[in-house]
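S.K.: here is a sequence together with a model predicted from it:
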Amino acid sequence: MDTVFSLNDVNVNIDNTAILTALNWRQKVGEHWVVLGPNGAGKTTLTKLLMGRLPATSGSVDILGEPVAEVPSAELNSLVGYSSSALATRLPARQTVLDVVLAAAQGRTSRFRESYEDIDLERAHNLLAAFSVAELAERLYGTLSNGEKQRVQVARAFMADPQALILDEPASGLDLGARENLLMALTELAGDHRSPAMLLVTHHLEEIPAGYTHVLIMSAGRVLHSGEIAATLTSENLSEAFGMEIQVESSQGRWWAHGRR
Ligand SMILES: Nc1ncnc2c1ncn2[C@@H]1O[C@H](COP(=O)(O)OP(=O)(O)OP(=O)(O)O)[C@@H](O)[C@H]1O
C-alpha cells in the first residue's frame, strides 16, 4: 500500500454549516506535506478527520487503504502520531523527560511500571539528541519551558513509530535557535526512508523544513491548490488563498513570504 491518507469527495458539515467542501487529496508513503491557509480555512478540521476524531458528513477518508471509521481507535492511535502545543501541556509534569518519551513506545502518555528494552532506551536518547534536548533527559517534564516541552513532545511523537505523523504548528513559540534546531531535525527525518509520512500544519513559510515535498493550500474549507512544493507554493497561489498580494521567496529548500503592493 503506497497511499497513507486518501480523501475522496469529503464534505464536513457542522450544525448545517459547510466546514469542509469537496476535498480530494492523497498522501503517499515517502511524501511530506505542509498544510497552509488562512485562519478558519479548515486545517485543524482536516487533521481531526485524518485522526478519526471527526466523521465526514459524506465522502470517504481512508488510511492505508482502510476507511478510517472502520479502524479501531487504539490501532488508529498507533498508526497516526500527533503533536501539538496543546498536547505538550497535557503530558505528565512529574515524570522525567526520558520516561515521557519512552512511554510513547507503548502508546502511553506516561510511564507506569512497564519495562523497556535497551533498544527503546537508545532510540529515546537518540530522538532527544536529534531535537537538541538530550541534556533534559533526567529533568521533570513539568519544569521545562514551553519551547523545551514542544521539542520533547515532537521527539515523543516519533518514538511511537507511527505510519503517519501530524505536526500541528511544531515551531510556534520557539525562539530562533530552537526553531532552526527543530527544522534541521525534521529535515533529517524527512530524508530518512524509515520516517513516517509527515503532515505539518503551519501559518509561516519560515517554519517549513527543507526536504518537505508537497503543499496543500486551503481556503474557506476547500483545497485551493495541492502538489509538489516547488510548483505549488507560488506567489500567485498564496495571494489567491490570502486574498492579498503576497510574494513568496525560497532559497536552498527554505521558504519565506511578505506582502507587496
Ligand atoms: N464545532 C464547530 N462548530 C462550528 N464551527 C466550527 C466548528 N469547528 C470548526 N468550525 C469552523 O470551521 C472553520 C474551520 O476551522 P478550523 O479550526 O479547521 O480552521 P483552521 O484552518 O485550523 O484555522 P486556524 O488557522 O485559525 O487555526 C472555522 O470557520 C471554524 O469556526
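M.R.: Noted; the coordinates are in hand.

S.K.: any part of the lowest-mean-pLDDT helix or strand in the chain near the ligand?
M.R.: Least confident helix or strand of the chain, by mean pLDDT, DSSP states H and E, is helix 85-88 with a mean of 82. No: Helix 85-88 stays clear of the ligand (Cβ under 6 Å from any ligand atom), getting no nearer than 11.3 Å. Bear in mind the C-beta positions are built from the backbone N, C-alpha and C, glycine included.

S.K.: list every C-alpha atom in the helix or strand just after that helix, with coordinates, as CSV.
M.R.: Scanning forward in sequence from helix 85-88 by DSSP states H and E, the next helix or strand is helix 97-103. Extracted C-alpha coordinates of helix 97-103, given in CSV (Å, rounded to 0.1, in the frame of the first residue of the first chain):
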residue,chain,number,x,y,z
VAL,A,97,11.6,13.7,30.1
LEU,A,98,13.1,10.3,29.3
ASP,A,99,10.1,8.5,30.8
VAL,A,100,7.6,10.7,28.9
VAL,A,101,9.4,9.9,25.6
LEU,A,102,9.8,6.2,26.5
ALA,A,103,6.2,5.7,27.4
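
S.K.: ok so, going back, I'd like to know which elements the least confident helix or strand of the chain is packed against.
M.R.: Counting contacts by 3 or more Cβ pairs under 8 Å, 6 or more residues apart in numbering; DSSP states H and E, helix 85-88 packs against helix 146-159.

S.K.: which residues touch the helix it packs on?
M.R.: 81-83, 85, 87-89, 91, 97, 100-102, 104-105, 123-124, 127-128, 130-133, 136, 141, 144, 165, 167, 170, 172-175, 178, 181-182, 185-186, 189, 195-196 (Cβ atoms under 8 Å, 6 or more residues apart in numbering).

S.K.: picking up where we left off before, residues of the least confident helix or strand of the chain that come out buried?
M.R.: Applying a neighbour-count criterion of 16 or more other Cβ atoms under 10 Å, one finds 85, 87-88 buried in helix 85-88.

S.K.: how about the strands in the chain?
M.R.: Under the criterion DSSP state E, strands of the chain are mapped to 3-14, 17-28, 33-36, 58-63, 66-67, 80-84, 164-168, 197-201, 214-219, 222-228, 246-251, 254-259.

S.K.: put together CSV for the ones you listed, with distance to residue 42 on each row.
M.R.: Formatted as CSV, these follow (distance: least, Cβ to Cβ, whole Å):
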stretch, distance to residue 42
strand 3-14, 8
strand 17-28, 5
strand 33-36, 9
strand 58-63, 14
strand 66-67, 21
strand 80-84, 16
strand 164-168, 13
strand 197-201, 11
strand 214-219, 5
strand 222-228, 8
strand 246-251, 19
strand 254-259, 20
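
S.K.: residue 207: which of these is closest?
M.R.: Each of those has some distance to residue 207 by Cβ to Cβ; the shortest is strand 197-201, at 8.0 Å.

S.K.: taking strand 17-28 as reference, get the angle to that closest one.
M.R.: Orientation check (axes from the mean of the first three to the mean of the last three Cα atoms, to 10 degrees): strand 197-201 against strand 17-28 gives 140 degrees.

S.K.: strand 197-201 versus strand 164-168: what angle between them?
M.R.: Using the same axes, to 10 degrees: strand 197-201 against strand 164-168 is 10 degrees.

S.K.: for the protein, what lies in contact range of the ligand?
M.R.: So the chain meets the ligand at 14-15, 17, 19, 37, 39-45 (Cβ under 6 Å from any ligand atom).

S.K.: many thanks, I have nothing further to ask.
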